[in-house]
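Asks: what's the 3D shape of this:
(chains A and B)
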Amino acid sequence: MKTAIVNKIIPFSNVDGPGNRTAIFFQGCSFACLYCHNPETIHLCRHCGECVEQCPVNALSMKNGKVVWDDEICCECDTCIKVCPHLSSPKTKLMKVADIVEYIKPHVAFIEGITVSGGECMLQADFLLELFKEMKKMGLTCLIDSNGTVDFRKHTSLLDISDGVMLDVKAFDNDFHRQICKYDNLSVKQNLDYLQSIHKLLEVRTVLLPNQDEQNEATVNYVSKCLKEGITYKLLRFRPYGVRFEGVEYFGKESVSEEYAEKFKNIVLKNGHNDIIIV
Amino acid sequence: MSKVSEIIKDPTLTYQQQVLSLARLAESEDDSLPRDKAFIEALQDGVLCDLGEGLAPYRPRYIVPDYELLMKKGCEFLDIAPPSDIWEATNALLIFYKHVPSITSFPVYLGNFSTLFAPFDTEEEITRKALKLFLQHIDKTLTDSFVHSNIGPKENRVGHIILDLTKEMQLAIPNLTLLYNPEKTSNEFALKCVDCMLETSKPSFANDAMYAKNMDGNYAIVSCYNALKIAGGGYTLPRIRLYDASLKAKDADDFLNNILPYYVEVLLKNMDQRITYIVEESSFFKSNFLAKEGFVKQENFTGMFGVVGLAECTNNLLGISDKSKGYGHDKDAEKLASTILDKIHDMVEAHHGVYCEGCNNTYVMHAQVGIDTDGTENSPGCRIPIGSEPELRDHLLLEAKMHKHFISGIGDIFKFDKTWNKNPQAILDIIKGAFTSGMRYFTGYNADNDVVRVTGYLVKRSEIEKLRNNEASLNQVTLYGKGAEEKGKALSRRVYENSNR
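Replies: As a prediction, the model looks like this:
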């Protein structure tokens, strides 16, 4: 059976799609966005051991050259994440599909489905296919929360079984995209068109960034003009919580205000797209 | 200072609250109710508690009148004709309510508003105005949060209006429960109830499928969350404090085989005596118009066997001193807790209850919500102690396992942050899951509401402040809320957030 590294499972989440959902966050990302709220999910652990000594409750140890985390002892202080030099976390679990099934089984009556996220969950597309098959047997819906780097055209059987994709479109301008995410946005744009064309696009999200009027406007214009009716466009206000030093240096410590977000909501409405939410 | 003059001089009591306090004082001075020595000793030890029911009970504790009968036939004693429009209907009820006794002297059940008013809802604006005045009248005259009304399970316009007004008026009284059944209640109406519940701490959700099955469809949710037969009620609700009982035991076996059976027997005997007194000695069933005109029938009453402190009891028996590692977090504690409840259930069910012919001649278990003097050593019913709640999933999965035997009511309260208001369907999914898993009653509220749910009843935080400033509060239950907060941390329950990423 396939395995994947899971950073965290939130059994009851109210912000990962319709209704109550179990959200599964996979470790490892194809972007390295400056404003990422959980930068510890970006890279896989390199087992450098930097965090082991600093754990205040000795929940971390080195065994055969690998960092081992004991979740029974862990006090969730996140010191390990703060001191990690590689945007990673020792608090991950290597899980089989069966492990996730086992975890979800007791509360299956309480949720509408699962949402896979990350990191970038599409880096685990094969694992997801197997996982979704099991979830479908339990009567659950399966949503994919993706940054759009992996070409969805190559994963038609996964899309067939899934109930939809929630896609991040971080920036329209490719230079700016490279600046804030470290990578190109070409595949994101292709995926946006493709997922719409096969009716698997559920929602698009854009983070509104402080002091980036031009970039925000370009992205919001682009997305709202190409989105079909019925697909939610979610504008997320930048907040500095969890953002790493580099990101705070770039974007500052101020959150984007509701009023500022309203300006962009109006652009979306003017472009004729009415399914718009500010978060 | 004598007890009488204490009451008379207390600036935080309204005139009506003073009268009721004086009456309760007189009731507790009598000695005509027969009580066994073993019961009195257990009272003094704190293992058993009579919940202030006094020594001369002159009415059943909770009375659940058949208000549909009032709508159909009117009331001879009160000279009320069957109502023909919404004004006459609300007026008839408001008159009637003032004559329904209870342990608090306020009616603990006001009827199912959805069904009572449906025949009179001809013009929406008129219904809205009549019901607004009706609710205002209730809040200002039936000044006690154990006053409880029901809506549902089916959606209708009256139900919508009640929710609109509840949210708009932000009153602690009356308590409100949706009889929720996904087979009968529309998703849209249930979502509106979730929205109203988060912002006003009501309505709560009762598991209609489960209660209807237990009571042949003929039940109401009254007082805190007691489930009782309509046209009946509950005679009495004495309690066992399981934690205090566990202190008497050498170990878990001793508790299950000796200590627990002893106290259960003593309590059952006291219930027999109290119920016999209410039926045979007091005048209620002989002369009160409610009984004479058929609004209640004696055989539909039963006795409620109250349980508190399951969490602390199991932790103590297992030698667990850290609550955050005990009941709610530990499989052995869960297993022992289930065994304790099974044992109580078996004994209560095997006991031949007196004067409860319509309830299979048995008393029913009730997970009592606690009183302020229980402090933090006896958590309400089967609840996980406040301050050591696990994550929401595990909290609900445990609760669902404990609700089975509590035919006359059990429930828990969950505090949510504002992120849930944007996704009420998520809460409804949780409630559906909880009910499918065997939970009987669910209630929730937003962390920063003024109207808040204490242990089962509602108070306004602003009213608690009045008492702290030595001013009177119209709602006589505000005082319990203040005590429960100060002694039992009842308002400090865990806030369930959407976890940070």
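Asks: What mean pLDDT does the longest strand along chain A get?
Replies: The longest strand of chain A (DSSP state E) is strand A:3-13. For strand A:3-13, mean pLDDT is 95.
Asks: now do stretch B:183-199
Replies: Mean predicted confidence for stretch B:183-199 is 97.
Asks: what distance separates that stretch from the centre of its chain?
Replies: Relative to the centre of its chain, stretch B:183-199 is centred 21 Å away, using C-alpha atoms, centre = their mean, to the nearest Å.
Asks: is chain A contacted by it?
Replies: No - on the criterion C-beta under 8 Å from any C-beta of the partner chain, stretch B:183-199 is out of touch with chain A, staying 10.7 Å away. The C-beta positions use only the backbone N, C-alpha and C, and glycine is treated the same way.
Asks: Please point out which parts of that stretch sit buried.
Replies: By neighbour count on 16 or more other C-beta atoms under 10 Å in any protein chain shown, the buried set for stretch B:183-199 is B:185, B:189, B:190, B:192, B:193, B:194, B:195, B:196, B:197, B:198, B:199.
Asks: hmm, who's touching the longest strand of chain A?
Replies: A:16, A:20-28, A:38, A:40-41, A:44, A:89, A:91-96, A:100, A:103, A:107, A:110-111, A:115, A:118-119, A:124, A:127, B:391-393, B:426, B:430, B:498-499 (C-beta atoms under 8 Å, 6 or more residues apart in numbering or on different chains).
Asks: Of the buried residues of stretch B:183-199, which is the nearest to residue A:152?
Replies: Nearest to residue A:152 among those is residue B:194, at 34.9 Å by C-beta to C-beta.
Asks: Residue A:48 contacts residue A:83, doesn't it?
Replies: No - using C-beta atoms under 8 Å, residue A:48 is not in contact with residue A:83, being 10.6 Å away.
Asks: rewinding a little: the longest strand of chain A pairs with which strands, and in what direction?
Replies: Sheet pairing for strand A:3-13, assigned by DSSP bridges, gives strand A:21-26 (antiparallel), strand A:93-96 (antiparallel).
Asks: Could you confirm whether the helix or strand just after the shortest one reaches chain B?
Replies: Translated: strand A:93-96. Per DSSP states H and E, the first helix or strand lying C-terminal to strand A:93-96 is helix A:97-104. No - shown here: helix A:97-104 not in contact with chain B (C-beta under 8 Å from any C-beta), separated by at least 9.8 Å.
Asks: ok, back up a step: of the strands paired with strand A:3-13, which approaches residue B:296 most closely?
Replies: Closest to residue B:296 of the strands paired with strand A:3-13, according to C-beta to C-beta: strand A:21-26, at 46.8 Å.
Asks: ok, and for the strand or helix carrying residue B:21, which residues are buried?
Replies: Following DSSP H and E, one finds residue B:21 within helix B:15-27. For helix B:15-27, the neighbour count (16+ other C-beta under 10 Å) marks B:17, B:20, B:21, B:24, B:27 as buried.
Asks: same thing with stretch B:69-84?
Replies: B:69, B:70, B:71, B:74, B:75, B:80, B:83.
Asks: any idea which element the residue of the stretch 301-450 of chain B found nearest chain A lies in?
Replies: The nearest approach of the stretch 301-450 of chain B to chain A comes at residue B:433, 2.9 Å away (C-beta to the nearest C-beta). For residue B:433, the host element (DSSP H and E) is helix B:424-436.
Asks: Quick one: residues contacting the residue most central in space within chain B.
Replies: Nearest to the mean C-alpha position of chain B, by C-alpha atoms, centre = their mean, lies residue B:224 at 1.8 Å. If you count contacts by C-beta under 8 Å, 6+ apart, residue B:224 has them with B:146, B:148, B:175, B:369, B:409, B:411, B:455, B:456, B:457.
Asks: Once you drop chain neighbours, what's closest to it?
Replies: Nearest non-adjacent residue to residue B:224, counting by C-beta to C-beta, 6 or more residues apart in numbering or on different chains: residue B:456, 3.0 Å away.
Asks: so when I look at the one you found, I'm seeing a strand, right?
Replies: No - counting by DSSP: H, G, I helix; E, B strand; the rest coil, residue B:456 falls outside a strand, being coil.
Asks: who's in contact with it?
Replies: By C-beta under 8 Å, 6+ apart, residue B:456 lies in contact with B:223, B:224, B:225, B:369, B:380, B:411, B:413.
Asks: repeat that for 6 Å
Replies: B:224, B:225, B:369 (C-beta atoms under 6 Å, 6 or more residues apart in numbering or on different chains).
Asks: Please tell me how far stretch B:402-410 is from the chain's geometric centre.
Replies: That offset, for stretch B:402-410, works out to 12 Å (C-alpha atoms, centre = their mean).
Asks: which residues sit against it?
Replies: B:214, B:225-227, B:304, B:341, B:345, B:364-367, B:381-382, B:438-440.
Asks: Check which helices and strands the helix or strand hosting residue A:203 is in contact with.
Replies: Taking DSSP H and E as the definition, residue A:203 sits inside strand A:201-208. Packed against strand A:201-208, as judged by 3 or more C-beta pairs under 6 Å, 6 or more residues apart in numbering or on different chains; DSSP states H and E, are the following elements: strand A:164-168, helix A:213-226, strand A:232-237.
Asks: got the residues of the stretch 1-150 of chain A near chain B?
Replies: Applying C-beta under 6 Å from any C-beta of the partner chain, we find that the stretch 1-150 of chain A lies next to chain B at A:10-12, A:14-15, A:19-20, A:37-38, A:106-107, A:109-110, A:112.
Asks: Any idea how many residues pack against residue A:200?
Replies: Other residues near residue A:200 come to 18 when the count uses other C-beta atoms under 10 Å in any protein chain shown.
Asks: The nearest residue to residue B:491 once chain neighbours are set aside: neighbour count?
Replies: Distances taken as C-beta to C-beta, 6+ apart put residue B:485 closest to residue B:491, at 4.7 Å, once the chain neighbours are dropped. Residue B:485 is flanked by 19 other residues according to other C-beta under 10 Å.
Asks: Please parse the chain into its domains.
Replies: Because you didn't say which chain, this covers chain A. Per automatic domain parsing, the structural domains of chain A span A:3-41+A:96-278, A:46-91.
Asks: ah, no, chain B please
Replies: Domain assignment for chain B, taken from automatic domain parsing, gives B:1-30, B:32-60+B:230-393, B:108-225+B:411-501.
Asks: quick one: residue A:182 from residue B:350, how far?
Replies: 71 Å (C-beta to C-beta, to the nearest Å).
Asks: higher neighbour count, the two?
Replies: More crowded of residue A:182 and residue B:350, by other C-beta under 10 Å: residue A:182, with 13 against 9.
Asks: if I read this right, that one contacts residue A:32, doesn't it?
Replies: Yes - between residue A:182 and residue A:32 a contact is recorded at 4.5 Å, counting by C-beta atoms under 6 Å.
Asks: So which residues of the stretch 401-501 of chain B form helices?
Replies: B:424-436, B:461-468, B:478-488 (DSSP state H, counting those that start in this stretch).
Asks: From the chain's centroid, how far away is the shortest one?
Replies: This points to helix B:461-468. Worked out by C-alpha atoms, centre = their mean, helix B:461-468 lies 22 Å from the chain centre.
Asks: and if you look at the last one?
Replies: Relative to its parent chain, helix B:478-488 has a centroid offset of 16 Å by C-alpha atoms, centre = their mean.
Asks: Go through it and flag the buried ones.
Replies: Going by 16+ other C-beta under 10 Å, helix B:478-488 has these buried residues: B:478, B:479, B:480, B:481, B:482, B:483, B:484, B:485, B:488.
Asks: Return the residues in contact with the third one.
Replies: I take that to be residue B:480. Residue B:480 neighbours (C-beta under 6 Å, 6+ apart): residue B:372.
Asks: what about residue 145, helix or strand, and which?
Replies: Let's take chain A. strand A:141-146.
Asks: actually it's chain B I care about, not the one you picked
Replies: Using DSSP H and E, residue B:145 falls outside every helix and strand.
Asks: I appreciate the help and will end here.
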